[in-house]
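Okay, predicted coordinates and the sequence, questions at the end:
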Amino acid sequence: MENRTARLTLLIDPKKKALFEKLCSDEDVTPSQKVRQLIREYIEENVGPNWREEVFGHEDEDS
């Protein structure tokens, strides 16, 4: 399980940001939740479904 968090700062076109926020709102998730989901999916696609064991040393229950 993740014990700490780290900040990820990125620059994005304001119009894309506004649209992203609208789409997240329509899906009833925060932009941070959606970005974390996208990152998890990207890692799983590139490392495999057992990446949590590799990173955390055990199966992470909280995806």
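It's in. Predicted model, so just to flag it, every value in this text is computed and none were measured.

And the residue in the chain sticking out farthest from the centre, its phi and psi?
Outermost residue of the chain with respect to the C-alpha centroid, by C-alpha atoms, centre = their mean, is Lys15; its distance is 20.9 Å. Backbone geometry at Lys15, expressed as degrees, to the nearest 10, gives phi -70, psi -40.

Do you know the pLDDT at it?
Lys15 is assigned a predicted lDDT (pLDDT) of 98.

quick one: secondary structure of the spatially most central residue of the chain?
The chain has Arg36 as the residue nearest its centroid, 1.2 Å off, counting by C-alpha atoms, centre = their mean. Counting by DSSP: H, G, I helix; E, B strand; the rest coil, the backbone at Arg36 sits in helix.

gap between Leu11 and Cys24?
Separation of Leu11 from Cys24 (C-beta to C-beta, to the nearest Å) stands at 18 Å. Where you see a C-beta, it was placed from the backbone N, CA and C, and this is true even at glycine.

neighbour-wise, which of the two wins?
For Leu11 versus Cys24, the count of surrounding residues by other C-beta atoms under 10 Å is larger for Cys24: 16 against 5.

May I have the one helix or strand the more buried one maps to exported as CSV, CA atoms only?
Taking DSSP states H and E as the criterion, Cys24 maps to helix 14-26. Extracted C-alpha coordinates of helix 14-26, given in CSV (Å, rounded to 0.1, in the frame of the first residue of the first chain):
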residue,chain,number,x,y,z
PRO,A,14,-6.3,26.1,-20.4
LYS,A,15,-9.0,25.0,-22.8
LYS,A,16,-8.0,21.3,-22.5
LYS,A,17,-7.9,21.7,-18.7
ALA,A,18,-11.4,23.1,-18.7
LEU,A,19,-12.7,20.3,-20.9
PHE,A,20,-10.9,17.7,-18.8
GLU,A,21,-12.4,19.1,-15.7
LYS,A,22,-15.9,19.1,-17.3
LEU,A,23,-15.5,15.5,-18.4
CYS,A,24,-14.3,14.4,-15.0
SER,A,25,-17.3,16.2,-13.4
ASP,A,26,-19.6,14.4,-15.8
